[in-house]
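>>> everything below, folded, please.
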Amino acid sequence: MKTVVLTFDDGLRTHYDIAYPTLSKHGFKGTIFASGERIGCRDHSEWNKLLKMDKDGFEIANHSYKHVNVCNEKAEWLQWQIKETEGLMSAAGISPPETFCYPGFHVNEDVKKVVDEMGYKLARSGCEYAMEFDDFQRGGSGCAYDPDVHSPFQVPCLGVFGDEYSYVDFVVDLQTKLQDGQVGIFCFHNIGIRIKERDGKTFGVDSSVEDFMKCIEYLSQNKDKYNVVNFRDII
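Numbers count the residues shown, from 1 in each chain. Sure, this is the predicted structure:
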């Protein structure tokens, strides 16, 4: 049986409203990467809802505080951002985070060192092992995580959902790229809602409700082949 991880970046409302009940219906869990400053704000969920998911066995993990490019910041600033979100999670009664996700997929050696030194055991990135950085900003196909090859502090996505990656790509990647001993990690952002940036353009990493539902149905119909777990459980 092959291992699959479903991750949801930013802690958005649709993660609670759509992903949470859908995954629960099929007996699956998921990992929500909460961006501390944004929780409770526009398009994002509230801490009490993340707490409910935590109580139900979903993983609520750290996605920094301000969701900026951490590669442009000093180590002390990243440490502060991680601690701020840890503090908010603790105040909400949520389990201490064990894993991290780099905002905007930005990562370098200095950033990985900080995350490691702060006691995290895993950190997820994007599709940079398989594609140029700019090429997966609207979704893309990456590679499966191989513990014998990849750093636990730069765990790649097999797929990032968006304008350039959908249900069809998801199935193809599961069937052709995920091998025994590897982990297929998938990244979702908003589901069914197109969030606009300040310039009026929509983000390219939102996905449709239909696509999301089809992915979960596929995994449910193939439970004999795929074991869906939280990100923290792959070690």
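
>>> run through who's touching the top helix by length along the chain.
Longest helix of the chain, by residue count under DSSP state H: helix 75-91. When contacts are defined by CB atoms under 8 Å, 6 or more residues apart in numbering, helix 75-91 is touched by residues 34-37, 39, 47, 60, 62-66, 70, 73, 95-97, 100, 110-111, 113-115, 118. Every C-beta, even on glycine, is put in place using the N, C-alpha and C of the backbone.

>>> quick check, distance from it to the centre of its chain.
18 Å (CA atoms, centre = their mean, to the nearest Å).

>>> show the buried residues in the contacts of helix 75-91.
34-37, 39, 47, 60, 62-66, 70, 73, 97, 100, 111, 114-115 (16 or more other CB atoms under 10 Å).

>>> ranges for the helices of the chain?
Going by DSSP H, the chain shows helices at 13-14, 20-25, 47-55, 75-91, 109-117, 167-176, 209-221.

>>> test my guess that F58 contacts A34.
No - assessed by CB atoms under 8 Å, F58 is found out of contact with A34, at 11.1 Å.

>>> if we can go back for a sec, can you flag which of the buried ones among the contacts of helix 75-91 belong to strands?
Among the buried ones among the contacts of helix 75-91, the ones falling in strands (DSSP state E) are A34, I60, N62, F100.

>>> tell me the bridge partners for the closest residue to M1 other than its chain neighbours.
Closest residue in space to M1, ignoring its immediate chain neighbours: N227 at 5.0 Å, by CB to CB, 6 or more residues apart in numbering. Per DSSP bridges, the residues bridged to N227 are T3.

>>> let me know the pLDDT of the nearest residue to E46 once chain neighbours are set aside.
Excluding the flanking residues, the one nearest E46 by CB to CB, 6+ apart is G40, at 5.0 Å. For G40, the pLDDT comes out at 90.

>>> what does the one 3 residues further on give?
We note a pLDDT of 88 for D43 in this prediction.

>>> and what of K201?
50.

>>> contacts for stretch 116-134, please.
So stretch 116-134 is contacted by 7, 33, 62, 79, 82, 97-102, 105, 107, 112, 115, 135-136, 140-143, 150, 152-157, 159-160, 185, 187, 231-232, 234-235 (CB under 8 Å, 6+ apart).

>>> could you dump that stretch to PDB, C-alpha only?
What follows is stretch 116-134, C-alpha atoms only, in PDB (Å, rounded to 0.1, in the frame of the first residue of the first chain):
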ATOM      1  CA  ASP A 116      15.400  22.200  12.100                       C
ATOM      2  CA  GLU A 117      16.800  24.000  15.100                       C
ATOM      3  CA  MET A 118      13.400  25.000  16.300                       C
ATOM      4  CA  GLY A 119      12.500  21.300  16.800                       C
ATOM      5  CA  TYR A 120      10.300  20.600  13.800                       C
ATOM      6  CA  LYS A 121      10.700  17.200  12.200                       C
ATOM      7  CA  LEU A 122       9.400  17.900   8.700                       C
ATOM      8  CA  ALA A 123       8.900  20.900   6.400                       C
ATOM      9  CA  ARG A 124       7.000  20.800   3.100                       C
ATOM     10  CA  SER A 125       8.100  22.800   0.000                       C
ATOM     11  CA  GLY A 126       6.700  22.700  -3.500                       C
ATOM     12  CA  CYS A 127       7.700  21.100  -6.900                       C
ATOM     13  CA  GLU A 128      11.100  22.600  -7.200                       C
ATOM     14  CA  TYR A 129      12.900  19.200  -7.600                       C
ATOM     15  CA  ALA A 130      11.000  18.700 -10.800                       C
ATOM     16  CA  MET A 131      10.200  22.100 -12.200                       C
ATOM     17  CA  GLU A 132      11.500  25.700 -12.200                       C
ATOM     18  CA  PHE A 133      10.100  27.700  -9.300                       C
ATOM     19  CA  ASP A 134       8.000  30.000 -11.500                       C
END
